[in-house]
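K.L.:
build me a model from this:
(one chain, ligands or ions: 1)
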Amino acid sequence: MNCREVNSKLADLLLDAREAPVEARRHLDGCADCRVEWSELRATMNLMDEWAAPEVNPYFDAKLLARLRGEQQARPAGFLERLRARVMYGSSFRMQPLMAGALAVVFMVGGGTYFDLEVYNQRPQESATVRDLQSLDGNSQVFQHLDSVDQTVDQQNPASGDGLGVPSSD
Ligand SMILES: [Zn+2]
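P.N.:
All right, here's what the predicted structure looks like:
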């Protein structure tokens, strides 16, 4: 065994000398350079054994919980976010599809930059790719709604259903 091979076995020699190859131990006996390496590694390992994780401040948990609670209370949802939740999930009034489409346009055009700032910044773990895909998805939905609006205007056909003329394929 040469010095390089023995060097790769030094950790084994320190952790469990019986597991290390006999040739490595024999080389160590006869090679001053490797013995220096070995003793330095042993000193490092001894230091790591002595190292203890610092005590956690006993008030850490309480402080963290208080701060989390404060953050939750201090950051209410933005106006557009609340309005959108009401439109999407609110039971107080039912949004007609056409109106929802028009509102979607308003959100995309008027609220685009707002949502860029407010919503996306709250989800920093999302990659730019995911954001782009979501943006594309949102745009295609808006265009679908616009198509249904166009069809309603073109047809002017009261027999198309509920009078709003929104295609059932939506
Ligand atoms: Zn050596």
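K.L.:
what parts of the protein come near the ion?
P.N.:
Contacts of the chain with the ion, taken as C-beta under 5 Å from the ion, map to 3, 31, 34. Every residue, glycine included, has its C-beta placed from N, CA and C.
K.L.:
try 8 Å
P.N.:
Contact residues (C-beta under 8 Å from the ion) of the chain with the ion: 2-3, 6-7, 27-28, 30-34, 37.
K.L.:
can I get the buried part of the residues you listed as one ChimeraX selection?
P.N.:
Per 16 or more other C-beta atoms under 10 Å, the buried members of the residues of the chain next to the ion correspond to this ChimeraX selection:
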select :6,7,27,28,31,34,37
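K.L.:
among the residues of the chain next to the ion, name the ones in helices.
P.N.:
Taking DSSP state H as the definition of helices, the residues of the chain next to the ion contribute 3, 6-7, 27-28, 30, 32-34, 37.
K.L.:
pLDDT added to these, as TSV?
P.N.:
Below are those laid out as TSV (pLDDT from 0 to 100):
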residue	pLDDT
Cys3	92
Val6	89
Asn7	89
His27	92
Leu28	88
Gly30	92
Ala32	94
Asp33	93
Cys34	92
Glu37	92
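K.L.:
in stretch 16-29, what counts as buried?
P.N.:
Across stretch 16-29, burial judged by 16+ other C-beta under 10 Å covers 20, 24, 27-28.
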